[in-house]
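1. coords please:
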Amino acid sequence: MASVLITGASTGIGRQCALDLARAGWQVFAGVRNPEDGEALVSAGSGHIIPVILDVTDADTIGQAAKKLETDLAGKGLDALVNNAGITVQGPLEFIPLAMFETQMQVNVTGQLAVTQAFLPLIRKAKGRIVFMSSESGRNTLPLLGPYSASKFALEAVANALRMELLPAGIRVCLIEPGSAKTEIWNKAAKNSNQIIDAMPEQAKRLYEKELGLLAKLPERINKVAFPPENVSKAVRHALTAQRPKIRQLVGIQAKIMVLFHHLFPTRLTDWVTVKIMGLLARWL
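-> Here you go, the predicted structure:
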């Protein structure tokens, strides 16, 4: 039975991947931050899910999780690691609290590398695969999404380097780049956005009045038109099982259109169009 560790498996894409891979016969180690989420996954799963307490920002839980998997695998290697855990911080970069920006990078970049380093000895044993959950925001940046996009650009660089460094070891590294999937991340983003707006000085609220109004409403609107997380889970399964997996997989028509748009047209034009569209959205929403 093939084995996989999935970080951020409590909700959204991570949870969907855990359930789908368990149904497909994988032994799934589901990284969660609290026992209740693990119990819920076991109840919903098909008997192949083992919860693992794992916070990607906590070195102690990462180390303990690595020891647990080493024991549970009983000398075998780990066939796959899906680095899925992530958060989104939004807002105008001029006024983003640096502590929140650092948290964004710590969860979405440093935490992913920390987990990968901890589990690479087990992955080497199995000549396994590593998947990083990026985003189309790892290729293109939108106004107000600078912190999130910066983390995904950095994550892509990490994955690119690891892909080449681990090639001689027979370990494949893949990137999944979803557009907007219908997950809890948007509800969390709305809550974070309201906290950021409340903490901003009056000068920020004057300078970015329309943009902050858009920021407060956009996550809810995006979630209404987002695609189901099963679409992303399907891409993850391809990355883990295909003989020649795609190095990058864009998921969702919106992501594909955005990447194509930025590829075909000059940066000055795409900047102008993007700012105009965001301005229109700020008036309509």
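
2. contacts for the longest helix belonging to the chain?
-> Using DSSP state H, we find that the single longest helix of the chain is helix 146-165. Helix 146-165 has contacts (CB atoms under 8 Å, 6 or more residues apart in numbering) with 86, 88-93, 96, 100-101, 104-105, 107-109, 112-113, 116, 130, 132, 134-135, 137-142, 172-175, 247. For every residue, glycine as well, the C-beta is placed using N, CA and C.

3. Would you quantify the distance from the residue lying closest to G138 once chain neighbours are set aside to G91?
-> Leaving aside its chain neighbours, G138 sits nearest to K152 (3.4 Å; criterion: CB to CB, 6 or more residues apart in numbering). K152 sits 16 Å away from G91, going by CB to CB, to the nearest Å.

4. ok, now G179?
-> Separation of G179 from G91 (CB to CB): 21 Å.

5. For the two, indicate the residue with more neighbours.
-> Between G179 and G91, counted using other CB atoms under 10 Å, the more crowded position is G91 (27 against 22).

6. That one is in contact with A199, isn't it?
-> No - using CB atoms under 8 Å, G91 is not in contact with A199, being 9.5 Å away.

7. Mind listing the shared neighbours of those two?
-> Listed as contacting both G91 and A199 by CB under 8 Å, 6+ apart is no residue at all.

8. all helices for the chain, in order.
-> Taking DSSP H as the criterion, the chain contains helices spanning 12-23, 35-44, 59-73, 98-105, 111-126, 146-165, 185-199, 202-207, 209-225, 230-241, 253-264, 267-284.

9. Give me the mean pLDDT for the last one.
-> Along helix 267-284, the predicted local confidence has a mean pLDDT of 84.

10. Any idea how far it is from the middle of the chain?
-> Its chain's C-alpha centre and that of helix 267-284 lie 25 Å apart, by CA atoms, centre = their mean, to the nearest Å.
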